[in-house]
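please work out how this folds:
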Amino acid sequence: MNVLVTRPLAQSGNLNKLILNEGHTPLLFPLLEITPLKFGELNKAYDAIIFISANAVDLGLPKIKQNLSDDTMVFAVGEATAEKIKSYGVKVSDYPKGKASSEALLNLNSIKSLNDKEILIIRGKGGRETLKNGLVKSNNKITYLEVYDRVEVDLTDEHTQNLNEFLQSSEGVLILTSNESVNAFMSIVDQIQSNLLEQLKSYPVVLLSPRIREYVMNKGFNNLHIASDVSDAGLFEKIQSLSA
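Purely as a prediction, here's the structure:
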């Protein structure tokens with residue numbers, strides 16, 4: 001079975017291996033690239049720091065690590081982000097043990113107990129406001145540190161070749177992991193050939209959350225499946241179930 005892998009090239013290696021090891025064919029179709037953003041030194045101490053993704057950790061933590069004290073609480077949006085923080089030798093105060101999301105983070109008792117705190121949220125450019133809106137209800141002061149941007153990639157010959165190969169079989173799965181990736185997917189496919197998008201909407205699509213599913217449904221896709229976990233393993237488990 002063909003799997004159209006749409007994650008950034010730098011983040012697709014592990015998923016590709018999982019797909020290959022089970023005899024499926026990963027076809028690379030990157031949609032976004034992670035572009036680091038410049039930012040200055042932190043000029044104040046924070047009571048708590050929240051990392052919204054593994055990318056936020058890689059691009060933010062090395063530069064602000066010296067600002068962490070023993071009293072600084074460090075939170076992650078999910079397990080993968082928490083593991084990335086730990087890899088830098090930093091202790092994680094808490095993170096959602098189930099699916100990663102801002103909503104799950106806000107439901108943690110450790111987060112609910114934050115009142116009148118200075119909190120730094122490290123994230124990509126233009127993220128959702130859900131976490132901030134929840135935290136300010138307890139009189140917390142929120143500051144954003146945006147350390148990367150998600151930019152649509154340029155169309156390449158590999159995009160065209162791999163999409164054509166994907167469409168040669170009626171058995172295949174698409175992966176779309178964010179609203180931004182959905183928009184980029186539609187844009188890149190349209191650049192290749194405008195009438196292909198309707199054909200692609202008949203294929204099963206593996207997603208990461210109900211929020212993304214609602215967005216994709218509004219774009220006309222209806223064969224939608226949510227991964228069991230926000231991770232490569234969760235995505236692969238759902239892909240495997242669709243190949244049975």
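
partner strands of the longest strand along the chain and their direction?
Secondary structure of the chain per DSSP state E: the longest strand is strand 141-152. Pairing partners of strand 141-152, with direction, according to DSSP bridges: strand 32-36 (antiparallel), strand 118-124 (parallel).

hey, which of those strands is tucked in deepest?
strand 118-124 (a mean of 21; mean count of other CB atoms under 10 Å). C-beta: built from backbone N, CA, C; applies to glycine.

what about it, average pLDDT?
Average pLDDT, strand 118-124: 96.

how about stretch 225-244?
pLDDT averaged over stretch 225-244 gives 87.

how distant is it from the center of its chain?
15 Å (CA atoms, centre = their mean, to the nearest Å).

show me which residues of it are buried.
Ile226, Ala227, Asp229, Val230, Ser231, Asp232, Gly234, Leu235, Phe236, Lys238, Ile239, Leu242 (16 or more other CB atoms under 10 Å).

now do the same contact list for the closest residue to Gln199 other than its chain neighbours.
The shortest distance from Gln199 to any non-neighbouring residue, by CB to CB, 6 or more residues apart in numbering, is to Leu167 (6.7 Å). Applying CB atoms under 8 Å, 6 or more residues apart in numbering, we find Leu167 in contact with Leu196, Gln199, Leu200.

on that earlier part again, average pLDDT across the helix or strand that comes right after the longest strand of the chain?
Of the helices and strands lying after strand 141-152 in sequence (DSSP states H and E), the nearest is helix 157-167. When pLDDT is averaged along helix 157-167, the result is 97.

thinking again about what came up before, just send the strands paired with strand 141-152 back as JSON lines, with distance to Leu106 too.
Shown next, in JSON lines, are the strands paired with strand 141-152 (distance: least, CB to CB, whole Å):
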{"stretch": "strand 32-36", "distance to Leu106": "25"}
{"stretch": "strand 118-124", "distance to Leu106": "12"}
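
out of these, which is closest to Ile64?
Nearest to Ile64 among those is strand 118-124 (7.5 Å), distances taken as CB to CB.

state the mean pLDDT of the longest helix along the chain.
The helix spanning the most residues in the chain, taking DSSP state H as the definition, is helix 179-192. When pLDDT is averaged along helix 179-192, the result is 95.

tell me where the protein has strands.
Ranges of strands within the chain are 2-5, 25-28, 32-36, 48-51, 73-76, 118-124, 141-152, 172-175, 205-207, 224-226, based on DSSP E.

what is the last one packed up against?
Put plainly, it is strand 224-226. Strand 224-226 sits against strand 205-207, helix 210-217, helix 232-243, with contacts defined as 3 or more CB pairs under 8 Å, 6 or more residues apart in numbering; DSSP states H and E.

if we use 6 Å, what do you get?
In terms of contacts (3 or more CB pairs under 6 Å, 6 or more residues apart in numbering; DSSP states H and E), strand 224-226 is packed against strand 205-207.

next one: the strand it packs on to chain centre, how far?
13 Å.

ok, and what's touching it?
173-176, 213, 221, 224-227, 235, 238-239 (CB atoms under 6 Å, 6 or more residues apart in numbering).

out of those, who's nearest Ile50?
Ile50 lies nearest to Ala227 out of the contacts of strand 205-207, by CB to CB, at 22.9 Å.

Leu224 pairs with what?
Val205.

shouldn't it be in contact with Glu214?
No: Leu224 is beyond contact range of Glu214, at 9.5 Å (criterion: CB atoms under 6 Å).

mind putting the strands of the chain into a markdown table with distance to Ile192?
Putting the strands of the chain into a markdown table (distance: least, CB to CB, whole Å) gives the following:
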| stretch | distance to Ile192 |
| --- | --- |
| strand 2-5 | 13 |
| strand 25-28 | 13 |
| strand 32-36 | 17 |
| strand 48-51 | 36 |
| strand 73-76 | 37 |
| strand 118-124 | 27 |
| strand 141-152 | 14 |
| strand 172-175 | 14 |
| strand 205-207 | 18 |
| strand 224-226 | 22 |
